[in-house]
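Engineer: Sequence first, predicted model second:
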Amino acid sequence: MARPDPRKLDHLIATLQRAPRTYDELMADERLELSRRSLQTYLDEHLAALGYTVVRGVAAGPPRRATFFIPTADDEPHGGVVDRAAYSLARGFLEGLFPLDGTTLDALTRRRNSRVLAFASGVPRFSEHHMRALMKWIAASEHDPPRALWLRYDRAGGPRSPVGAIEPRLVWPVGVIVREGRRVYLPGLVTPAESLDDARNFALDRVLPGPRDCGVWVAEAAWQRPSEFMLRSRPRPQELVHAPFGLVRPSVSERPVMVDVRFEPSQAAYLRDRRWFPKQDEHVAADGSLDLRFGPVDIREAVAWCSQWIDGLTVLGDAALREAYAASLRARLRATEMPPPRSRW
């Protein structure tokens with residue numbers, strides 16, 4: 001299907017939203033300059049692709065001629081302003097992460113700028129190959145039966161490795177996780193993929209493209225042999241993380257901890273009635289301070305959570321968390337008191 005002219009498409013939408021129009025009236029419109037056949041394509045295919053419902057009717061009086069109209073009521077079930085608001089919301093969130101030019105969402109929202117702004121600091125620099133890798137990953141995770149992909153992935157902890165030095169690994173995609181509105185993870189199971197012990201969360205920004213691929217591609221037929229666990233359980237992203245608190249579930253080898261903290265009155269107003277854990281206890285004292293308790297959680301995640309508050313936080317328990325949090329504060333204090341290294345700038 002040939003791509004429509006954006007200007008003609010915008011004008012056609014605005015015209016049909018104002019009042020019903022017949023074929024003759026639309027073909028006579030100098031701003032459209034469409035033949036009857038092209039006009040039919042716009043009405044039947046291009047508008048539908050953008051989510052619009054074209055209501056067909058009949059003009060009053062002889063001769064009886066077909067009319068076309070686009071409803072705009074808020075409760076119109078498909079193609080109305082509620083749908084367009086949802087597209088605007090999706091674009092406002094995604095364009096802070098990925099390049100959207102030329103995508104379907106770009107076409108759906110092209111006629112007007114999104115009125116939704118979503119932003120987060122520290123967003124990785126995602127490029128076109130990341131978007132293509134993400135789409136392939138989602139498609140594989142939704143495939144029935146499960147479908148395996150090859151993933152070219154560079155581990156964190158050092159400079160980027162050259163593409164030729166990275167051996168692709170076989171992964172069974174489970175879905176996608178977006179954390180804190182800025183980090184995108186690709187959860188999946190690695191060989192033998194026989195339990196959640198084989199689950200891994202791969203950071204999308206560490207996916208490396210090759211000369212002819214985006215870093216993710218469908219594995220050959222010989223590798224498409226899902227385990228009984230994958231076929232029977234079809235794990236979901238929710239099972240791989242400790243949402244909504246953190247990405248890491250508490251491990252048995254490193255004892256989980258309970259978060260038991262107190263916020264001073266100046267900070268309590270910003271913490272009250274916020275959901276950090278599926279089950280949590282809150283208590284507001286007479287002086288306005290807030291006691292918050294939840295868990296068990298991974299100790300590293302708990303220390304990171306406590307460290308995000310600049311002041312006004314006291315860790316009441318448990319002992320392991322108090323000790324780990326205090327050690328983290330001492331380490332940062334020592335680093336601050338040392339003579340600063342010479343700036344590179």
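Structural biologist: Okay, I see it.

Engineer: going forward, measure contacts and count neighbours with C-alpha atoms only.
Structural biologist: Noted.

Engineer: Give me the packing partners of the helix or strand harbouring F93, helices and strands only.
Structural biologist: Following DSSP states H and E, one finds F93 within helix 81-94. If you count contacts as 3 or more CA pairs under 8 Å, 6 or more residues apart in numbering; DSSP states H and E, helix 81-94 packs onto helix 104-109.

Engineer: Name the residues of the helix it packs on that are buried.
Structural biologist: Residues of helix 104-109 classed as buried: L105, D106, L108, T109 (neighbour count, 16 or more other CA atoms under 10 Å).

Engineer: okay, the longest helix along the chain in PDB with CA atoms only?
Structural biologist: Using DSSP state H, we find that the single longest helix of the chain is helix 319-337. Presented in PDB, the C-alpha positions along helix 319-337 are these (Å, rounded to 0.1, in the frame of the first residue of the first chain):
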ATOM      1  CA  ALA A 319      20.500  -4.800  61.600                       C
ATOM      2  CA  ALA A 320      21.900  -6.000  58.300                       C
ATOM      3  CA  LEU A 321      20.400  -3.100  56.400                       C
ATOM      4  CA  ARG A 322      21.600  -0.600  59.000                       C
ATOM      5  CA  GLU A 323      25.100  -1.900  58.700                       C
ATOM      6  CA  ALA A 324      25.200  -2.000  54.900                       C
ATOM      7  CA  TYR A 325      23.600   1.400  54.600                       C
ATOM      8  CA  ALA A 326      26.100   2.900  57.100                       C
ATOM      9  CA  ALA A 327      29.000   1.300  55.300                       C
ATOM     10  CA  SER A 328      27.800   2.800  52.000                       C
ATOM     11  CA  LEU A 329      27.600   6.300  53.700                       C
ATOM     12  CA  ARG A 330      31.100   5.900  55.200                       C
ATOM     13  CA  ALA A 331      32.600   4.900  51.800                       C
ATOM     14  CA  ARG A 332      31.100   7.900  50.100                       C
ATOM     15  CA  LEU A 333      32.300  10.200  52.900                       C
ATOM     16  CA  ARG A 334      35.800   8.800  52.600                       C
ATOM     17  CA  ALA A 335      35.800   9.400  48.800                       C
ATOM     18  CA  THR A 336      34.600  13.000  49.400                       C
ATOM     19  CA  GLU A 337      37.300  13.800  52.000                       C
END
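
Engineer: quick one: contacts of that helix?
Structural biologist: V257, M258, V259, I299, A302, V303, C306, S307, V315, L316 (CA atoms under 8 Å, 6 or more residues apart in numbering).

Engineer: Top of those residues by number of neighbours, please.
Structural biologist: The most crowded member of those, judged by other CA atoms under 10 Å, is V259 (25 neighbours).

Engineer: That residue: what's it in contact with?
Structural biologist: For V259, the contact set (CA under 8 Å, 6+ apart) comprises L292, R293, F294, G295, P296, V297, A302, V315, G317, D318, L321.

Engineer: mind running it again at 10 Å?
Structural biologist: With contact set as CA atoms under 10 Å, 6 or more residues apart in numbering, V259 has these partners: 280, 292-299, 302-303, 305-306, 315-318, 321-322.

Engineer: What strand or helix carries it?
Structural biologist: Assigned by DSSP H and E, V259 falls in strand 257-263.
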